[in-house]
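Colleague: what follows is a predicted structure for the sequence shown.
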Amino acid sequence: MGAGWELGAAAGRSLLLCAALLVGGCALGLRLGRGRAAADRGVLAWLCYDALVHFALEGPFVYLSFVGNIADSEGLIASLWKEYGKADARWLYFDPTIVSLEILTVVLDGSLALVLIYAIVKEKYYRHFLQITLCVCELYGGWMTFFPDWLMGSPNLNTDSWLYFGVYLVFFNSVWVLIPGLLLCQSWVELKKMYYKGTSSGKKFQ
């Protein structure tokens, strides 16, 4: 009972922290998007949450990985990554591939998310260029996080537990595949509209 309770408490704290970031990100994004179309408000909510995850969770992970490792670290953020490390052991110790990807994610993806928020709020012409770039980076990060391990037979992944496999590995990571995929489709549609609008305008002056 004691071990099971410790597992439940650790999972609960981790999920509660993720939920708090989600609520905070959505609240900020919806506030920034007041008066805008529902789609843009939804995108802003996602981007604020995305940036919070990159800077508030993955940033400390990179730092802790360089000063030691997650397994030997203490604190709220370390406990979250220890919990996730029960699903993917590579996050507990200094895995060069994971740490390299997380550096790229924090520095590039986090910064792109912030600039994209600005571009949407200020209606900048480069909004969809940034949106496509960020989505491709997110999808690349997901691919490189898991595919190398899959090629080796997934020795670091815990696929025996519904919580570790179904929630931590599948659900949480699929969010960063599904939403970037939807945003790529949105950019495709919007760029197509702009192209045809520009073509129609050009024909009027011929």
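Modeller: Noted; the coordinates are in hand. None of these values were measured; they are calculated from a predicted model.

Colleague: in this structure residue 40 contacts residue 33, no?
Modeller: Yes - here residue 40 reaches residue 33: they are 5.6 Å apart, a contact under C-beta atoms under 8 Å. Placement of C-beta: from N, CA and C, glycine included.

Colleague: in stretch 36-48, what's buried?
Modeller: Along stretch 36-48, these residues count as buried under the neighbour rule (16 or more other C-beta atoms under 10 Å): 36, 40-48.

Colleague: joint contacts of residue 40 and residue 33?
Modeller: Taking C-beta atoms under 8 Å, 6 or more residues apart in numbering as the criterion, residue 40 and residue 33 both touch residue 120.

Colleague: quick revisit: return the member of the buried residues of stretch 36-48 nearest to residue 172.
Modeller: Residue 172 lies nearest to residue 46 out of the buried residues of stretch 36-48, by C-beta to C-beta, at 14.3 Å.

Colleague: helices along the chain, start to end?
Modeller: 2-32, 38-52, 59-67, 76-85, 96-104, 110-121, 127-151, 172-204 (DSSP state H).

Colleague: residue 162: which of the buried residues of stretch 36-48 is nearest?
Modeller: Taking C-beta to C-beta as the measure, residue 46 is the one of the buried residues of stretch 36-48 closest to residue 162, at 26.3 Å.
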